[in-house]
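K.L.:
sequence? don't have it. structure:
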């Protein structure tokens with residue numbers, strides 16, 4: 001039976017050390033599997049935008065014994081504030097509403113800090129290769145021959161793509177991005193600056209124009225994070241293919257008011273600018289033969305959902321648990337993994353689609369309406385009605401027996 005591995009524990013290559021990769025390696029290691037982590041970047045990634053962390057991912061990080069460390073790295077944001085072009089408050093809310101609705105199981109933290117925390121928790125017990133990536137996969141039914149850009153090839157039992165929205169493993173095995181990537185109609189950019197003024201500690205400030213939004217957040221060590229979201233209609237084919245991100249941002253936000261002149265000056269000095277389309281990955285299956293996908297590679301919900309990091313951790317936890325419980329039958333493990341999580345993730349993707357327009361309303365009237373609604377979130381009944389269902393994770397994950405697999 002080619003669905004059953006002839007040796008135990010499994011030999012597994014995980015491509016990608018974002019969030020899902022280290023989480024999966026952690027739980028597979030608990031079960032005694034032989035794991036190789038491969039990361040294209042030369043070292044652990046730093047920076048990146050701040051994410052809100054709650055729900056099932058928070059619960060799993062707590063099971064890993066890492067939640068205190070994550071909370072220490074995070075920020076207890078006090079206020080989300082929407083301002084007009086002169087900096088006057090027009091909307092927003094006290095973030096205590098989220099802490100109340102999650103029983104204080106909520107923090108705002110850099111995605112890269114969660115990734116690094118989980119990677120360090122592995123404690124050097126998992127073989128890791130930086131500056132490399134899976135380049136070819138030959139699944140012959142009995143094992144998998146894996147080639148890399150630089151390292152010698154390996155023969156393993158399973159390959160897992162944990163390499164994000166633009167997954168190389170997914171392209172190699174399942175097909176081009178265009179078959180699975182669903183654009184939500186937005187682009188996003190982010191960068192950090194040092195010494196920016198003004199600073200508003202623990203306040204997430206945003207200025208919206210029709211179809212566009214600039215946000216800033218003051219971080220530790222005198223750093224400030226800037227986040228830009230704008231609708232795709234501000235792009236054209238020549239901009240997408242020829243212009244670099246800073247030039248696009250200058251054009252899209254020209255004359256934006258508020259602090260745009262200072263932010264544009266920081267943009268000119270920025271050395272590392274994140275820029276991407278806002279898309280979801282939608283698939284009918286997350287596995288094919290001896291190859292599986294996890295995290296954004298399988299079911300990217302997009303930043304509009306606000307929970308992608310936690311969901312990636314949940315996927316890793318379940319996939320590792322099912323591989324532990326499958327008695328060598330990895331096809332059954334993959335199937336159970338999909339059955340447990342795919343309907344749940346599809347609902348999360350639908351939520352993200354619904355919420356997308358709140359980030360960059362199309363019209364001035366839409367911005368005013370969004371701002372008015374946010375001012376009402378301090379009323380518990382209104383908060384429960386507007387965001388209550390989106391903060392609930394209507395799923396119960398199993399407790400897997402993590403005793404190491406017998407050899």
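P.N.:
That came through, no problem. As the structure is a prediction and not an experimental result, all values here were calculated from the model.

K.L.:
CA only for contacts and neighbour counts going forward, please
P.N.:
Will do.

K.L.:
buried ones in the longest strand that the chain contains, by neighbour count?
P.N.:
Longest strand in the chain, counting residues (DSSP state E): strand 181-194. By neighbour count with 16 or more other CA atoms under 10 Å, strand 181-194 contains the buried residues 181, 184, 186-193.

K.L.:
now stretch 350-357
P.N.:
Of all the residues in stretch 350-357, those buried under the rule 16+ other CA under 10 Å are 351-353, 356-357.

K.L.:
please convert the residues you listed to a markdown table, extending it with distance to residue 337 and pLDDT.
P.N.:
Output for these, formatted as a markdown table (distance: CA to CA, whole Å; pLDDT from 0 to 100):
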| residue | distance to residue 337 | pLDDT |
| --- | --- | --- |
| 351 | 22 | 84 |
| 352 | 22 | 84 |
| 353 | 24 | 82 |
| 356 | 28 | 78 |
| 357 | 31 | 79 |
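
K.L.:
ranges for the helices of the stretch 301-407 of the chain?
P.N.:
Using DSSP state H, counting those that start in this stretch, the helices of the stretch 301-407 of the chain run over 308-325, 330-359, 364-375, 380-383, 389-391.

K.L.:
continuing past the lowest-mean-pLDDT helix or strand in the chain, what's the next helix or strand?
P.N.:
Scoring the helices and strands of the chain by mean pLDDT, DSSP states H and E places helix 237-242 at the bottom, with a mean of 57. For helix 237-242, the succeeding helix or strand toward the C-terminus, using DSSP states H and E, is helix 245-252.

K.L.:
and the angle from that next one to strand 181-194?
P.N.:
Angle of helix 245-252 versus strand 181-194, following axes from the mean of the first three to the mean of the last three CA atoms, to 10 degrees, is 100 degrees.

K.L.:
for helix 245-252, name the packing helices and strands.
P.N.:
helix 260-269 (3 or more CA pairs under 8 Å, 6 or more residues apart in numbering; DSSP states H and E).

K.L.:
identify the residues contacting residue 400.
P.N.:
321, 325 (CA atoms under 8 Å, 6 or more residues apart in numbering).

K.L.:
what pairs with the longest strand of the chain, and is each one parallel or antiparallel?
P.N.:
Its sheet considered, strand 181-194 pairs with strand 223-231 (antiparallel), strand 274-281 (antiparallel) by DSSP bridges.

K.L.:
can you tell me what sits against that strand?
P.N.:
For strand 181-194, contacts defined as CA under 8 Å, 6+ apart pick out 47-49, 222-233, 245, 266-267, 270, 272-282, 353, 356.

K.L.:
I would like the residues contacting the helix or strand following it, please.
P.N.:
Helices and strands here follow DSSP H and E; after strand 181-194, the next one along the chain is strand 203-209. For strand 203-209, the surrounding residues in contact (CA under 8 Å, 6+ apart) are 77-85, 87, 213-218, 256, 258, 360-361, 363-364, 367.
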